[in-house]
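Student: just coords:
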């Protein structure tokens with residue numbers, strides 16, 4: 001999640017554990033600062049931008065590593081704040097819970113988090129909440145701002161804090177429920193069209209959990225479906241795009257492709273653009289503006305040769321996206337302008353998804 005959300009969550013957890021043992025504003029500040037510590041792994045320099053991408057949220061987000069380092073941070077806090085010198089258990093608990101909730105929240109995003117590194121190195125990522133969601137963050141910010149204005153703990157603030165934490169947590173639970181509803185609706189849409197797929201992923205569109213993007217991948221193409229949790233699915237339109245599977249043979253043995261394919265769990269596409277082979281992670285961003293795109297090889301007269309990976313700017317959005325999103329959130333169906341050329345009726349999905357894809361001569 002974004003830094004502001006992690007600060008607000010850390011502050012909320014710090015207040016819940018330490019707010020009655022030290023001034024609320026101190027507890028909020030302690031929790032807020034601890035809340036960004038796991039993300040300091042971004043300061044680790046990698047020569048390879050793909051390594052920077054796939055290795056983020058590793059050791060610093062591991063619940064195991066966090067348990068190991070908790071005493072170090074706990075003892076430092078006890079020496080820094082005299083109010084905590086007789087509160088070792090509460091201090092340790094606050095530190096660990098701030099770290100752990102940071103990691104668990106990140107695990108609800110599609111990026112994924114290595115929660116059990118080094119015992120289990122695969123990333124966990126449900127994709128049930130967008131990386132920035134004000135509906136989740138605002139209750140936590142209310143508690144944080146309120147705490148910063150308090151000199152001492154009050155029963156009224158305890159009620160406010162409890163309500164804010166309960167609402168934000170319930171919202172995360174709702175996201176998991178909504179995701180399952182969307183999976184069911186998408187499966188029915190694709191099934192009714194006779195469209196088979198290897199894998200499917202449902203993630204929220206930006207800043208909400210009411211309107212979702214579903215990616216269905218087969219060997220040659222992928223289908224984007226945008227559909228609401230509630231309301232009619234009759235207006236759902238499929239946007240069918242080439243996945244570049246025919247280009248994969250040109251990249252046999254290229255380690256960068258193997259890394260990206262595994263990290264994205266197969267949700268990737270390959271494009272050949274001006275002699276460069278570019279791999280995009282389909283999970284983050286909207287076609288064609290993917291957040292993580294990497295040039296990994298180049299085609300020349302001598303064939304295909306790997307190059308040192310370089311990240312390519314995919315942009316953060318396309319013209320008309322906000323209007324399209326607000327229209328569909330309000331129940332007024334609208335085509336997404338950036339993908340309008342790839343839109344097809346449901347009944348045409350089987351023929352289109354099964355058609356052969358041009359393969360590159362390597």
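Tutor: Structure received. Keep in mind that this is a model prediction, so the values were computed, not measured.
Student: low pLDDT regions in the protein?
Tutor: 193-196, 233-235, 345-362 (pLDDT under 70).
Student: Map the structural domains onto the sequence of it.
Tutor: The chain is divided into the following domains under automatic domain parsing: 3-175, 193-354.
Student: where exactly do the helices run in the stretch 1-150 of the chain?
Tutor: 3-18, 24-34, 49-55, 63-80, 88-106, 134-148 (DSSP state H, counting those that start in this stretch).
Student: now the last one, how far from the chain's geometric center?
Tutor: Meaning helix 134-148. 21 Å (Cα atoms, centre = their mean, to the nearest Å).
Student: List the contacts of the nearest residue to residue 20 once chain neighbours are set aside.
Tutor: Closest residue in space to residue 20, ignoring its immediate chain neighbours: residue 153 at 4.8 Å, by Cβ to Cβ, 6 or more residues apart in numbering. The C-beta positions use only the backbone N, C-alpha and C, and glycine is treated the same way. Residue 153 makes contacts with 19, 20, 24, as judged by Cβ atoms under 8 Å, 6 or more residues apart in numbering.
Student: and the gap between the second one and residue 140?
Tutor: Between residue 20 and residue 140 the computed distance is 19 Å (Cβ to Cβ, to the nearest Å).
Student: neighbour-wise, which of the two wins?
Tutor: Between residue 20 and residue 140, counted using other Cβ atoms under 10 Å, residue 140 has the larger neighbour count: 24 against 13.
Student: nearest to residue 183, of the domains of the chain?
Tutor: domain 193-354 (5.3 Å; Cβ to Cβ).
Student: right, and residue 299 touches residue 278 too?
Tutor: No. Look at residue 299 against residue 278 with Cβ atoms under 8 Å: they stay out of range, at 11.6 Å.
Student: okay, these two: which has more neighbours?
Tutor: residue 278 (21 against 18).
Student: which secondary structure element contains the more buried one?
Tutor: strand 276-281 (DSSP states H and E).
Student: Can you name the element that comes right after that strand?
Tutor: Following strand 276-281 in sequence order, the next helix or strand is strand 285-286 (DSSP H and E).
Student: right, and the helix or strand after that following strand?
Tutor: With DSSP H and E, the next secondary element past strand 285-286 is strand 289-290.
Student: sorry, back to before: who are the packing partners of the strand holding residue 278?
Tutor: helix 255-263, strand 268-273, strand 293-300, strand 303-312 (3 or more Cβ pairs under 8 Å, 6 or more residues apart in numbering; DSSP states H and E).
Student: again, only using 6 Å
Tutor: Where contact means 3 or more Cβ pairs under 6 Å, 6 or more residues apart in numbering; DSSP states H and E, strand 276-281 is packed against strand 268-273, strand 293-300.
Student: I'd like those strands as a markdown table, with distance to residue 261 appended.
Tutor: Converted to a markdown table, the helices and strands packed on strand 276-281 look like this (distance: least, Cβ to Cβ, whole Å):
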| stretch | distance to residue 261 |
| --- | --- |
| strand 268-273 | 6 |
| strand 293-300 | 11 |
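Student: Nearest to residue 77, out of these?
Tutor: Closest among these, using Cβ to Cβ: strand 293-300, at 40.3 Å.
Student: Parallel or antiparallel, list what pairs with the closest one.
Tutor: If you go by DSSP bridges, strand 293-300 pairs up with strand 276-281 (antiparallel), strand 303-312 (antiparallel).
Student: Export those strands to TSV and append columns for distance to residue 15.
Tutor: Shown next, in TSV, are those (distance: least, Cβ to Cβ, whole Å):
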stretch	distance to residue 15
strand 276-281	36
strand 303-312	38
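Student: Out of those, which gets nearest to residue 35?
Tutor: Judging the strands paired with strand 293-300 by Cβ to Cβ, what sits closest to residue 35 is strand 276-281, at 26.1 Å.
Student: Return the distance of the closest one from the chain's centre.
Tutor: In terms of Cα atoms, centre = their mean, the centre of strand 276-281 is found 20 Å from the chain centre.
Student: Outside of it itself, list whatever touches it.
Tutor: When contacts are defined by Cβ atoms under 6 Å, 6 or more residues apart in numbering, strand 276-281 is touched by residues 260, 264, 268-271, 290, 292-298, 312.
Student: Just want the angle from that strand to strand 268-273.
Tutor: 160 degrees (axes from the mean of the first three to the mean of the last three Cα atoms, to 10 degrees).
Student: If I take strand 276-281 and helix 255-263, what angle do their directions form?
Tutor: On the basis of the same axes, to 10 degrees, strand 276-281 is oriented at 20 degrees to helix 255-263.
Student: List the buried residues in strand 276-281.
Tutor: Across strand 276-281, burial judged by 16 or more other Cβ atoms under 10 Å covers 276, 277, 278, 279, 280, 281.
Student: Identify, from those, the entry nearest to residue 94.
Tutor: residue 281 (35.2 Å).
Student: For stretch 299-316, measure first residue to last.
Tutor: Terminal residues of stretch 299-316 lie 28 Å apart, using Cα to Cα, to the nearest Å.
Student: mind checking how far that stretch is from the chain centre?
Tutor: That offset, for stretch 299-316, works out to 25 Å (Cα atoms, centre = their mean).
Student: Next: stretch 51-64.
Tutor: Worked out by Cα atoms, centre = their mean, stretch 51-64 lies 14 Å from the chain centre.
Student: Now do that stretch: distance from first to last residue.
Tutor: 22 Å.
Student: what's it in contact with?
Tutor: Taking Cβ under 6 Å, 6+ apart as the rule, stretch 51-64 contacts 38, 41, 46, 65, 100, 103, 106, 113-115, 117, 259, 263, 292.
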